[in-house]
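*Asks:* Task: produce atomic coordinates for the following.
(one chain, ligands or ions: 1)
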Amino acid sequence: MHRSEITIDLGAVRRNARRLLEVLDGAALWAVVKADGYGHGAIDVAGAVLGEGASCLCVATVTEGLELRAEFAGVRILVMGPSAGREITLAREADLELAVWEPPAPEGVRVHLKLDTGMGRWGLSELPELTNEVVGLMTHLATADSDPGFARTQVERFEEATRGHSHRVRHAANSAAALRVPESRLDAARCGIALYGLSPFGGDPSEDGLEPALRWESRLAQVKRLRVGESAGYGRRFVADEDTWLGVVPVGYADGFRRDMTGTDVVVEGTHCSVVGTVSMDAIAVRLDRQLPTDTPVTLIGDGVLAEDHARVAETINYEIVSRIESGPSRARRTVLDA
Ligand SMILES: *Cc1c(COP(=O)(O)O)cnc(C)c1O
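*Replies:* This is a model prediction of the structure:
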């Protein structure tokens with residue numbers, strides 16, 4: 001039996017894609033679907049956004065690119081992470097495009113040269129002699145979500161370094177930049193998080209016209225009464241300060257409900273309830289305001305609880321919360337809605 005369920009609303013993904021296309025104002029929308037579409041299902045999401053007019057799929061690895069190629073013939077696919085050796089042969093055979101930053105560029109495969117304009121990780125510091133295989137020039141912005149001023153400086157450096165190459169597609173923006181740094185949009189924007197209806201700024205996605213596409217639900221597997229002074233969970237981190245109804249939900253850190261999410265809220269019967277005590281591998285406890293029957297639904301993400309809320313409690317980012325939800329036979333069942 002499945003212990004939880006994630007539901008992906010492709011209608012929301014489509015609306016987010018339309019919203020981004022509107023914001024991009026003529027620049028192309030390239031959909032970033034690495035890490036299985038940030039945990040949403042890369043193939044389903046790719047199908048939906050291509051239908052709305054996204055013109056390239058971006059992934060981190062050649063393996064991810066090959067999985068998409070098997071489903072989408074003729075669609076532009078860009079591998080943004082490093083690739084080497086046999087991966088390059090596979091990429092060539094499958095007509096994947098590769099981001100590269102170390103000369104010599106591989107032969108017989110279309111490449112996008114990556115310039116480091118301030119991210120301080122992968123990238124060339126200046127443009128070498130370009131071959132015909134170089135179809136694109138790219139850079140990655142370090143601070144589009146937090147410091148648009150520095151992002152603008154990076155875009156200026158990029159434009160300076162790539163001047164005279166307007167016949168090659170130039171791309172720099174991620175979701176945050178696409179939404180807040182108009183100069184960064186150039187020919188195409190590589191958008192991930194916003195497509196899923198999550199805020200690149202860690203706030204409320206609706207402020208940017210985005211709609212979360214993922215719901216995560218489970219149920220109360222057991223409801224019990226704790227007397228004053230009784231505790232729940234490993235290490236007795238929660239001790240009842242009064243008689244308390246406690247619900248046990250069969251989801252824990254092995255499902256992707258992180259151990260540092262103690263104190264976050266979930267929704268039970270329309271009421272926000274706190275997760276109390278230590279998150280175990282397979283269970284959490286929630287403090288209820290009254291006795292409820294077992295099997296009462298519990299919303300872990302949705303109904304007003306945002307991935308961003310959990311991220312704040314866990315001191316991480318929404319990207320990490322959603323991409324680490326485990327689906328599979330004994331974890332979350334995945335359902336896709338397409339309305
Ligand atoms: C993941 C990634 C993106 C997408 O970033 P979002 O913030 O999810 O929009 C864009 N470009 C590169 C190089 C990436 O690795």
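
*Asks:* Quick one: neighbours of the residue in the stretch 51-200 of the chain that the ligand sits nearest to, just the number.
*Replies:* Nearest residue of the stretch 51-200 of the chain to the ligand, counting by CB to the nearest ligand atom: Gly192, 2.6 Å away. All C-beta spots, glycine's among them, are computed from the backbone N, C-alpha and C. A count of nearby residues for Gly192, using other CB atoms under 10 Å, gives 22.

*Asks:* Contact partners for it?
*Replies:* Residues in contact with Gly192 (CB atoms under 8 Å, 6 or more residues apart in numbering) are 31-34, 38, 58, 174-175, 319.

*Asks:* Over to Val336?
*Replies:* With contact set as CB under 8 Å, 6+ apart, Val336 has these partners: 7-8, 10, 41, 44.

*Asks:* quick one on the thing from earlier: in strands only, show me the contacts of Gly192.
*Replies:* Per DSSP state E, strands hold the following members of the contacts of Gly192: 31-32, 58.

*Asks:* By neighbour count, which of the residues you listed wins?
*Replies:* When neighbours are taken as other CB under 10 Å, the top entry among the ones in strands among the contacts of Gly192 is Val32 (28 neighbours).

*Asks:* That one against Tyr196, yeah?
*Replies:* No: look at Val32 against Tyr196 with CB atoms under 8 Å: they stay out of range, at 9.8 Å.

*Asks:* Can you pull up the most central residue in this protein?
*Replies:* Compute the mean C-alpha point of the chain, and by CA atoms, centre = their mean the closest residue is Tyr38, 3.5 Å away.

*Asks:* which one is that one nearest to, not counting chain neighbours?
*Replies:* Spatial nearest neighbour of Tyr38, chain neighbours left out: Ser323 (4.9 Å); criterion: CB to CB, 6 or more residues apart in numbering.

*Asks:* and that neighbour, how many neighbours?
*Replies:* So Ser323, with other CB under 10 Å, has 19 neighbours.

*Asks:* list the contacts for it?
*Replies:* Contacts for Ser323 were tallied using CB under 8 Å, 6+ apart; they are 35-36, 38-39.

*Asks:* Give me the local confidence score for the closest residue to Gly53 other than its chain neighbours.
*Replies:* Nearest non-adjacent residue to Gly53, counting by CB to CB, 6+ apart: Leu21, 5.8 Å away. Note on Leu21: pLDDT of 98.

*Asks:* Wasn't Leu21 part of a helix?
*Replies:* Yes: Leu21: assigned to a helix according to DSSP: H, G, I helix; E, B strand; the rest coil.

*Asks:* That one: neighbour count?
*Replies:* Using other CB under 10 Å, Leu21 has 19 neighbouring residues.

*Asks:* One more: Val248?
*Replies:* Per other CB under 10 Å, the neighbour tally for Val248 reads 18.

*Asks:* Quickly find the element holding it.
*Replies:* Using DSSP states H and E, Val248 sits within strand 244-249.

*Asks:* Return the distance of that strand from the chain's centre.
*Replies:* How far strand 244-249 lies from its chain's middle: 31 Å, per CA atoms, centre = their mean, to the nearest Å.

*Asks:* interface residues of the stretch 101-250 of the chain facing the ligand?
*Replies:* Taking CB under 6 Å from any ligand atom as the contact definition, the stretch 101-250 of the chain meets the ligand at 140, 174-176, 190-194, 200.

*Asks:* so where's the chain uncertain?
*Replies:* Residues of the chain that meet the criterion pLDDT under 70 lie in 1.

*Asks:* check contacts around Gly81.
*Replies:* 34, 59-61, 99.

*Asks:* Residues contacting stretch 102-115, please?
*Replies:* Stretch 102-115 is contacted by residues 78, 88, 91-92, 96-101, 122-128, 130-131, 133-140, 158, 161-162, 169, 171 when judged by CB under 8 Å, 6+ apart.

*Asks:* the strands in the stretch 101-250 of the chain, which residues?
*Replies:* 111-115, 134-139, 169-173, 188-191, 214-219, 222-226, 231-232, 238-239, 244-249 (DSSP state E, counting those that start in this stretch).

*Asks:* What strands line up against the strand holding Val248, and which way round?
*Replies:* Take DSSP bridges as the rule and strand 244-249 pairs in its sheet with strand 222-226 (antiparallel), strand 284-288 (antiparallel).

*Asks:* Next secondary structure after that strand?
*Replies:* Sequence order places strand 265-268 as the next helix or strand after strand 244-249, per DSSP H and E.
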